[in-house]
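Visitor: A structural model of the following input is requested.
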Amino acid sequence: MKKRHKKRTSKSRRRKAHGPRPVGRSAARSRSAFTLVEMLVSVALVVLMMSLFASVFQLASGSISVQRGIAENDQRSRSLFTIFRNDIKHRSMKSVLPFTANEPIAEADDTYFSVTNNDLRKGYFYISENDINNDADDVLQFTVKLDGNNRDYFGQAALLGGLTTNAQFMDSNQPSRDDGVPATNPNPTPPGLPVIDDNASNSFAAEITYFLRGGRLYRRVLLIRDPLEDEDDTQPTTSATPPENYFDTDPDNDPMTGAPGYAYTGDFWNDFDFSAHMSEDTNGNLHGAEFHGLSWLDNGSNATTVTGAEALGNPFNRFGHNHDDGQPREFVLTREDDPATGPDETRFDFIGRYTHEETSHPNFGYPQTDSTIGNPMTTVKLFMNNDVVTEFTGGPRRAEDLLLSNVHAFDIKVWDAALGRFADVGHDVEDSDDNPIGDFHQNERDNTIYGPSGTPVKRVFDTWHPNVEVDDGATPPNTDSDPPFDLRFDEDSDPITPPVPKPLRAIQITIRYLDVSSDQLRQVTLQMSLLPDE
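Guide: Sure, this is the predicted structure:
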C-alpha cells in the first residue's frame, strides 16, 4: 500500500513540475466544425469564384450569340442577293431604255440600246424614289420572264365554279390548270361533292414589286398568265357554248355562281396570284378583272399594244396603279378624325403598295369590284393602324409576301454617268456654281412629274409606253404625259431631235436590317449591271 501511494505521489509531482495539461491542443483534437470567420471567408471565396464563372459563361454565350447573329445575317444577305439577282437578271425589259411619246414601233435590230430593239424592251421597269432624304419609301417594280421551259413563278389559283363533270373540268379555261394539274370530280353525282384540285398555278412571267413599310420588306409576285393550251386566251372561260368569261360582271353573264364545290370566294387577290386590272368598256362601264397574258409584255407588236390598251408598259394596267388615271398608289390620304386628338386633320402616309394581307381581305374586292371604300387605288381617305390600312386589316393571307422583317432601310439608286456614281432618282446635286448636274437630276428636263410624290420634281424612272398619256390634274400627284429623263444633248448643249431616251445602265440596292437575337445591324449593298450578259 505504501509503495503504490508513493508511485501516485511521484506522478503527481511530475505533473506539477511540468505544469497543467494544455487545454487548446486537446480541444483542437476534439472539434469537428468551422468557425464563423472561416465560414464567411469560404462563402465569400465561393461567391467570387461563381461570379467569375458566370462572367466567363456570359462572355462566352454572348460571343456565341453574336456569331450566330452574324451567321444568320450572312445567310439572310445571301438569300437577298440570290432573290434580287435572279429577279433582275430575268427582267423582261432587258434594255432598260424608256419609250418616248409617240415613238415609232419597229422590229428588233442588233443594237442593245436602240429605240427600235423591241425584243429587248418587253414589259416595264419602274423605280420610285419619293423623298430623297428617306431610305424607307422607295419602290422597285418590274416585269420578269424566264427563258426555256422553266415555269418557276408559282402562285395561288382557286377553282372556278359552274363545273359538274370531268369533261367540263378538262374543257374549261381554268387558271388552276396552267400548271398542268387538272381538277377532277371523282363522283359528280350527286352534284355538290368536293372536287380535287391543287389550287395552284405557275407561269414563265410575272409582275414583281419590292417596297418597305413598317420595318417589313415585301416582295409581291403576280403571275402573268400563260395557259398551257391556248396562250392567247388569257381570260378564264366556262365550257359553255359559246364560252363565257368568268369575271365579266355584265348582268347577263355571271358564270361564277351556280354549281357548288368550287373555291372562289369572290375576293380576287385572295383567290388568285395573277396580274390583272379592272376592265371597263368604251362607255366607262366596269366589267370585272381582266387577266394579263404574255402578249401584254409587248409594247408594239400588234394594234392593241401599239395603242397601249393591252400592254403592261401602260401604267393604267399595272399592279398598284389606278385604272382610271394611270397613277401609282404609293400613298394613302389618312384620316385623323378622333375627337380626342383635336380637329380633323389629314396627312399622306406611304404604303408602297397594298400588301397581301390587305388585298386578301373580303372588303378589298379590287380589281373584280370596288372595295367597301370605293376604288382603293384613288386618294380616298383611309385609317392607318400599326402600318396597316385599318379597313383591310386581318386578311387571311397575311405576311405571305413578307421577305424580311426588322428592316431599317431599302434604298434604290441608279448609275448617273454624268456624276460618275450611283445617285437617287431626282437628286439635287449641283456643281460649284450651284448649277444642277447629272443625268437623273430632278430638274434635268422640266418640273413636272409622273408619280406619287406630290411635289414638282422628278423622282420616278419609268420605261413607260410610247402611246400612253396619264391623266393630269390629280392632287396629289402632278403628272407628266412623257417619260422621265428623255432628252439628250449634243456637244453644244442643244437638244437632240427627236428626243432620245437615256438608258439605265446599272442600279444599286441597299438594305439595312437588324438581327433581334444578337442586336446586330447589317447592311447589304447589291450593285447590278443592266447591260447585256456577256
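Visitor: okay, CA-based contacts and neighbour counts for the rest of this
Guide: Noted.
Visitor: what about the nearest residue to Ala311 once chain neighbours are set aside, how many neighbours?
Guide: The shortest distance from Ala311 to any non-neighbouring residue, by CA to CA, 6 or more residues apart in numbering, is to Trp296 (4.4 Å). Using other CA atoms under 10 Å, the number of residues around Trp296 comes to 24.
Visitor: do the one 3 residues further on as well
Guide: Here the number of neighbours of Asn299 (other CA under 10 Å) works out to 30.
Visitor: same check, this time on Asp439
Guide: When neighbours are defined as other CA under 10 Å, Asp439 has 23 of them.
Visitor: Leu45 too?
Guide: Leu45 has 12 nearby residues by other CA under 10 Å.
Visitor: Doesn't the residue nearest to Ala311 belong to a strand?
Guide: No - the assignment for Trp296, made by DSSP: H, G, I helix; E, B strand; the rest coil, is helix rather than a strand.
Visitor: ok, now how distant is it from Lys89?
Guide: Trp296 sits 20 Å away from Lys89, going by CA to CA, to the nearest Å.
Visitor: and if you look at Asn386?
Guide: Distance from Asn386 to Lys89, by CA to CA: 35 Å.
Visitor: again with Leu312
Guide: Counting by CA to CA, the gap from Leu312 to Lys89 is 19 Å.
Visitor: When the two are compared, which one has more neighbours?
Guide: Leu312 (30 against 19).
Visitor: was I right about that one contacting Tyr126?
Guide: No - using CA atoms under 8 Å, Leu312 is not in contact with Tyr126; the gap is 11.4 Å.
Visitor: intersection of neighbour lists for the two?
Guide: Common neighbours of Leu312 and Tyr126 (criterion: CA atoms under 8 Å, 6 or more residues apart in numbering): none identified.
Visitor: what about the helices in the stretch 151-300 of the chain?
Guide: Remark: helices assigned in the stretch 151-300 of the chain by DSSP state H, counting those that start in this stretch are 166-171, 268-271.
Visitor: Does Ile100 belong to a helix, a strand or coil?
Guide: If you look again at residue 100, you'll see it is Thr, not Ile. Under three-state DSSP, Thr100 comes out as coil.
Visitor: Would you enumerate the residues in contact with Asp370?
Guide: Residues in contact with Asp370, defined by CA under 8 Å, 6+ apart, are Phe364, Pro376.
Visitor: again, only using 10 Å
Guide: Contacts for Asp370 (CA atoms under 10 Å, 6 or more residues apart in numbering) come out as Met278, Leu286, Gly288, Asn363, Phe364, Pro376, Met377.
Visitor: cool, Arg421 as well?
Guide: Arg421 makes contact with Lys413, Val414, Trp415, Gly438, according to CA under 10 Å, 6+ apart.
Visitor: Any idea what it is bridged to?
Guide: Counting by DSSP bridges, Arg421 is bridged to Asp416.
Visitor: same deal with Phe461?
Guide: Bridge pairing for Phe461 - DSSP bridges - gives Ile127.
Visitor: Just to check, it is in contact with His427?
Guide: No - with contacts counted by CA atoms under 10 Å, Phe461 stays clear of His427, the gap being 12.0 Å.
Visitor: Now do the buried residues in stretch 225-242.
Guide: Arg225, Asp226, Pro227, Thr234, Gln235, Pro236, Thr237, Thr238, Ser239 (16 or more other CA atoms under 10 Å).
Visitor: quick one: the fourth one and Ala289 touch, right?
Guide: Spelled out, that is Thr234. No - using CA under 10 Å, Thr234 is not in contact with Ala289, being 11.6 Å away.
Visitor: got any ranges where the stretch 151-300 of the chain has weak pLDDT?
Guide: Scanning the stretch 151-300 of the chain with the threshold set as pLDDT under 70 gives 161-171, 183-195, 231-232, 251-266.
Visitor: quick one, strands of it?
Guide: Secondary structure of the stretch 151-300 of the chain, counting by DSSP state E, counting those that start in this stretch: strands at 153-156, 200-203, 205-213, 216-224, 276-280, 286-291.
Visitor: wait, what's in contact with Trp415?
Guide: Here Trp415 is in contact with 421-425, 438-440, 503-508, 527-530 (criterion: CA under 10 Å, 6+ apart).
Visitor: In strands only, show me those.
Guide: Among the contacts of Trp415, the members found in strands (DSSP state E) are Arg421, Phe422, Ala423, Ala506, Ile507, Gln508, Gln527, Met528, Ser529.
Visitor: Tell me the most packed of these, by neighbour count.
Guide: Neighbour max across the ones in strands among the contacts of Trp415 (other CA under 10 Å) = Ala423, 23 neighbours.
Visitor: Tell me both backbone torsions, phi and psi, for the closest residue to that one other than its chain neighbours.
Guide: Nearest residue to Ala423, sequence neighbours excluded (CA to CA, 6+ apart): Lys413, at 5.0 Å. In terms of degrees, to the nearest 10, the main-chain angles of Lys413 are phi -130, psi 150.
Visitor: what's near enough to touch Lys413?
Guide: Lys413 touches 127, 129, 138, 421-425, 427, 506-510, 527, counting by CA under 10 Å, 6+ apart.
Visitor: Test my guess that the residue nearest to Ala311 contacts Gly123.
Guide: Yes - Trp296 is within contact range of Gly123, at 7.3 Å (criterion: CA under 10 Å).
Visitor: Now do the shared contacts for those two.
Guide: Shared contacts of Trp296 and Gly123, counting by CA under 10 Å, 6+ apart, come down to Ala311, Leu312, Gly313, Asn314.
Visitor: In TSV: the contacts of Arg421, plus pLDDT and distance to Ala303.
Guide: As requested, these are exported to TSV (pLDDT from 0 to 100; distance: CA to CA, whole Å):
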residue	pLDDT	distance to Ala303
Lys413	96	35
Val414	93	33
Trp415	92	35
Gly438	81	37
